[in-house]
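> Predicted structure and sequence below. I'll ask about it afterward.
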Amino acid sequence: MTAETPKESAIRPIHHLINGDPVVSDSGRKSPVFNPATGEQTGELDLASVSDVDMAVSSAKAAFDQWRNVSLARRTKLMFAYRDLVSRNAEEIAHRLTAEHGKVMSDSMGEVARGLENIEYACGLSEHLKGTYSEHASTGVDVYSVRRPLGVVAGITPFNFPAMVPFWMFPNAIACGNTFILKPSERDPSAPTFIAELLQEAGFPPGVLNVVHGDKVAVDRLLEHRDIQAVSFVGSTPIAKYVYELGSANGKRVQALGGAKNHMVVLPDADIDLAADCAVSAAYGSAGERCMAISVVVAVGEVGDPLVAAIKTRTKKLRVGPGTNPTSEMGPLITAEHLGRVTNYISTAADNGARIVLDGRGIKVNTSGFFLGATLLDDVTTEMSVYTDEIFGPVLCVVRVNTYHEAVELLANNPWGNGAAIFTRDGGAARRFQEDADAGMIGLNVPIPVPVGYHSFGGWKNSAFGAHTIYGPEGIHFYTRPKVMTTRWPDPSGSKVDLGFPTNQ
């Protein structure tokens, strides 16, 4: 049992941040923000109108005319100042994450730490933005290239990582000389608003980063606005596809990251204790509400029974409760509606023949929040909806196969391709899996292979749309475009200089 989370005393209004100032929407539409651990409303969010979005775009466009010409030295200094502010305010950001998302504080602090990696990468943009130069590409002709910012760009980010995913986007974008409009999730908007306010505090000019809260009205206007040059998105696959198609149809660059069904293959020679520990942390961390969560354990051969037993033993010990409670290891789901959706998947799986090893539906917590306990399902087949759909909750499915080849075939037949992992002591099998696994990010005895900030993140198949993955080197390429100059300088006197050898080659 856990202590009841204290009740909020008032409902807090949450407004846009445009040109450095809070702006009340003119739409008249509001959206409630809840504390998932108590089920109580804690905030009221402005939902943007088309004119609100247009105001943000105008601010960003005006700021771009000056920001693009700010020196790399100045941009770098500001980015370091921002990095220091985020680091000093890490606990405040984490508290805001926990209050509106529900994840436990250790997960929230981890989210901020991973976001800081991306800010630190952006601090080195002066190195990554260096151009190239070829002297004497032809006689008297030199060729050089530079990377130029695009202009106004936008990011549409999900509820599950309301601070980290914006950090995947705007630090690189603005360091490259662009201005940015952030449209965070309506469900947990306080953390992204706060990190944008910190950017202002660091000394960035007003309009370099604007925040617009909203729903489909705001999203569609961002995708259609002619002054927005590129859009980054992270969310579910159906919405990622929608964003990619509508944004591309309006002439924008689009990187749209979608959903996933990440598999963890466990071979008979694997370290069972290591595999079980990793399966539990990867499946149930942040209540399974992350696109790189392990959703499916593929047990190969005789490893199935001991592996399921080891996962069960560990999962039963998980302490579920409000994220503010230091003893909690897993918090609630984001909304009551999502809780009902995940619960229905468990019921349907049982009806279809899956064996419920652990049932989270009976969890008892001393608060009226949106809690579901960790659930473990065995004997899951690929026809069941709990396997075919992205659940986005604390539900781990075990699929049993006889051979490594069957496991690889599961990955190939799955429509998503975000991440995949293998647990084995066999170096040959591990090396082969790197080639065989049909996914964009591969873990070898690592359950959640999210790249560090100086690499790039992105899946394959229905997990990603667009030519570029996100952050790191790919982020630099996405937020800039190359310009190549070919030059010849005639002799200033107008006469040909005799160099003493032929020059017509």
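Good, I have the coordinates.
> how about low-confidence regions in this protein?
Scanning the chain for pLDDT under 70 picks out 1-9, 492-505.
> Domain-wise, how is it divided?
Using automatic domain parsing, the domain ranges for the chain come out as 12-258+471-484, 262-444.
> Check the contact between K183 and V219; I expect there is one.
Yes. With contact defined as C-beta atoms under 8 Å, K183 reaches V219; the gap is 6.6 Å. All C-beta spots, glycine's among them, are computed from the backbone N, C-alpha and C.
> Quick one: end-to-end length of stretch 428-448, please.
21 Å (C-alpha to C-alpha, to the nearest Å).
> got a list of contacts for it?
Here stretch 428-448 makes contact (C-beta atoms under 8 Å, 6 or more residues apart in numbering) with 262, 264-265, 267, 271, 274, 278-279, 281-282, 292-294, 404, 408, 411-412, 414, 417-424, 449-451, 457-461, 463-464, 469.
> again, 6 Å this time
Under the criterion C-beta atoms under 6 Å, 6 or more residues apart in numbering, residues 264, 278, 282, 292, 294, 408, 411-412, 417, 419-424, 449, 458-460 lie in contact with stretch 428-448.
> of all the domains of the chain, which lies closest to P490?
Among those, the nearest to P490 by C-beta to C-beta is domain 12-258+471-484 (8.4 Å).
> Quick check: R226 vs S232, distance?
From R226 across to S232, the span is 18 Å (C-beta to C-beta, to the nearest Å).
> neighbour count winner among these two?
With neighbours defined as other C-beta atoms under 10 Å, R226 and S232 compare such that S232 has more, 32 against 9.
> other SSEs contacting the helix or strand hosting that one?
Secondary structure assignment for S232, by DSSP states H and E: strand 228-234. On a contact count with 3 or more C-beta pairs under 6 Å, 6 or more residues apart in numbering; DSSP states H and E, strand 228-234 meets strand 152-156, helix 237-249, strand 253-257.
> right, and those - which one's nearest L129?
strand 152-156 (15.8 Å).
> gap between stretch 431-450 and the chain center?
The chain centre lies 19 Å from the centre of stretch 431-450; the measure is C-alpha atoms, centre = their mean, to the nearest Å.
> related to what we said a few turns ago, the contacts of stretch 428-448 in helices, which ones?
Filtering the contacts of stretch 428-448 for membership in helices, criterion DSSP state H, returns 278, 282, 408, 411-412.
> which residue sits closest to V280, ignoring its sequence neighbours?
Once flanking residues are discounted, V280 sits nearest to R314: 4.7 Å by C-beta to C-beta, 6 or more residues apart in numbering.
> Backbone dihedrals for the one you found, both of them.
phi -70, psi -40 (degrees, to the nearest 10).
> could you redo the domains of the chain as a markdown table and give each row distance to P490?
Formatted as a markdown table, the domains of the chain follow (distance: least, C-beta to C-beta, whole Å):
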| stretch | distance to P490 |
| --- | --- |
| domain 12-258+471-484 | 8 |
| domain 262-444 | 50 |
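> picking up where we left off before, K183 and V219: which is more packed in?
Between K183 and V219, counting by other C-beta under 10 Å, K183 is the more crowded of the two (28 against 24).
> these two touch, right, that one and I156?
Yes. Assessed by C-beta atoms under 6 Å, K183 is found in contact with I156 at 4.8 Å.
> Next up, the contacts around the residue lying closest to S236 once chain neighbours are set aside.
Nearest in space to S236, with sequence neighbours left out and distances taken as C-beta to C-beta, 6+ apart, is G259 at 5.0 Å. Residues counted as contacts of G259 (C-beta under 6 Å, 6+ apart) are 236-237, 390.
> Which of those residues sits closest to R147?
Closest approach to R147 among the contacts of G259 (C-beta to C-beta): T237, at 30.7 Å.
> what's around the nearest residue to that closest one once chain neighbours are set aside, how many residues?
Nearest in space to T237, with sequence neighbours left out and distances taken as C-beta to C-beta, 6+ apart, is G258 at 3.5 Å. Neighbour count for G258, taken as other C-beta under 10 Å: 26.
> how close does G258 sit to Q229?
22 Å.
> Please check the contacts of G259 and keep the buried ones.
Buried positions within those, assessed by neighbour count (16 or more other C-beta atoms under 10 Å), are 236-237, 390.
> can you list those residues in JSON lines and add distance to H128?
Output for the buried ones among the contacts of G259, formatted as JSON lines (distance: C-beta to C-beta, whole Å):
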{"residue": "S236", "distance to H128": "31"}
{"residue": "T237", "distance to H128": "30"}
{"residue": "E390", "distance to H128": "33"}
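> which residues does D378 contact?
308, 355, 357, 398 are the contacts of D378 under C-beta under 6 Å, 6+ apart.
> nearest to Q41, of these?
So of the contacts of D378, ranked by how close each gets to Q41 (C-beta to C-beta), first place is V357, at 35.9 Å.
> so the closest one sits in a helix?
No. Assigned with DSSP: H, G, I helix; E, B strand; the rest coil, V357 falls outside any helix and is strand.
> ok, now how distant is F180 from W67?
Counting by C-beta to C-beta - F180 and W67 are separated by 10 Å.
> And the strands in the stretch 201-350 of the chain?
209-211, 228-234, 253-257, 262-266, 294-300 (DSSP state E, counting those that start in this stretch).
> Grab the most central residue of the chain for me.
Most central in the chain under C-alpha atoms, centre = their mean is V165, positioned 4.0 Å from the mean C-alpha point.
> I228 and I156 touch, don't they?
No. With contact defined as C-beta under 6 Å, I228 does not reach I156; the gap is 11.2 Å.
> how about the strands of the stretch 51-200 of the chain, start to end?
132-138, 141-149, 152-156, 179-183.
> Can you give me the neighbour number for D21?
11.
> residue contacts, G458?
G458 neighbours (C-beta under 6 Å, 6+ apart): 440, 464, 469-470.
> quick one on the thing from earlier: dump the ones in helices among the contacts of stretch 428-448 to TSV, plus neighbour count.
Formatted as TSV, these follow (neighbours: other C-beta atoms under 10 Å):
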residue	neighbour count
C278	24
A282	24
V408	22
L411	21
A412	12
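> out of these, who's nearest P205?
Checking the ones in helices among the contacts of stretch 428-448 against P205 with C-beta to C-beta, the nearest one is A282 at 41.2 Å.
> Return the residues in contact with the closest one.
294, 447-448.
> 8 Å - rerun?
A282 touches 264, 293-294, 421, 447-448, counting by C-beta under 8 Å, 6+ apart.
> same thing with L198?
82, 85-86, 89.
> Tell me how many other residues crowd A249.
Neighbour tally, A249, other C-beta under 10 Å: 11.
> Same question for the one 4 residues further on.
The tally of other residues near R253 (other C-beta under 10 Å) stands at 19.
> List the beta-bridge partners for it.
A230 (DSSP bridges).
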